[in-house]
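Student: Need coordinates for the following:
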Amino acid sequence: MTTASLYFDDIAPGDVFTFGPYSIVRDEMLAFNRQWDPLPMHLDAAEAQVRGYRDVTASGQYTLCVKQALLNKAPWHEAVIGALAHDEMKFPRPVYPGDTLSLTIECLTKRVSRSKSSRGILKFAFHLFNQNNDIVLSYVHTSMFSRRQASPY
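Tutor: Prediction:
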């Protein structure tokens, strides 16, 4: 795979892309949790331990934001038109302060848009892993991408 901008035409089922790492900083995570998801296990270590966690945990939304920060490094920014679906979303393990996360994206399927031939639909499997290679987030993502313009020559 090239590091140049990728379009629909450049991506094939089976292609795998990896991004990261991203280190989870306690203060950043707690600030996010306080503002957006102030559940006890997201803010207080003692409360988190009562619920069976070893420390405070990241909210699912924070975990999605970390995934997005990693995804923003993908070489297809110019081609993305929009997200169409997030399916089968799972958070199988908690994210803790000090974790280091990495993102793997695999292209599952592709097809040219039925209504606009200048666009294509790609379906991806997203997996966000911690430093122990445990999945902390997974889902199937469907996006619309621009197709590479035909050469004028």
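Student: so what's the spatially most central residue of the chain closest to, chain neighbours aside?
Tutor: Central residue of the chain (C-alpha atoms, centre = their mean): residue 67, 3.6 Å from the mean position. Spatial nearest neighbour of residue 67, excluding adjacent residues (C-beta to C-beta, 6 or more residues apart in numbering): residue 128 at 5.2 Å. Every residue, glycine included, has its C-beta placed from N, CA and C.
Student: likewise residue 87?
Tutor: residue 140 (4.5 Å).
Student: in the host helix or strand of residue 127, what counts as buried?
Tutor: If you go by DSSP states H and E, residue 127 is part of strand 119-129. For strand 119-129, burial by neighbour count (16 or more other C-beta atoms under 10 Å) applies to 119, 120, 121, 122, 123, 124, 126, 127, 128, 129.
Student: hmm, back to that, where does the residue nearest to the centre of the chain land in three-state SS?
Tutor: At residue 67 the chain is in helix, as set by DSSP: H, G, I helix; E, B strand; the rest coil.
Student: Next one: the residue lying closest to residue 47 once chain neighbours are set aside from residue 72, what distance?
Tutor: Spatial nearest neighbour of residue 47, chain neighbours left out: residue 40 (3.8 Å); criterion: C-beta to C-beta, 6+ apart. Remark: distance between residue 40 and residue 72 (C-beta to C-beta, to the nearest Å) = 31 Å.
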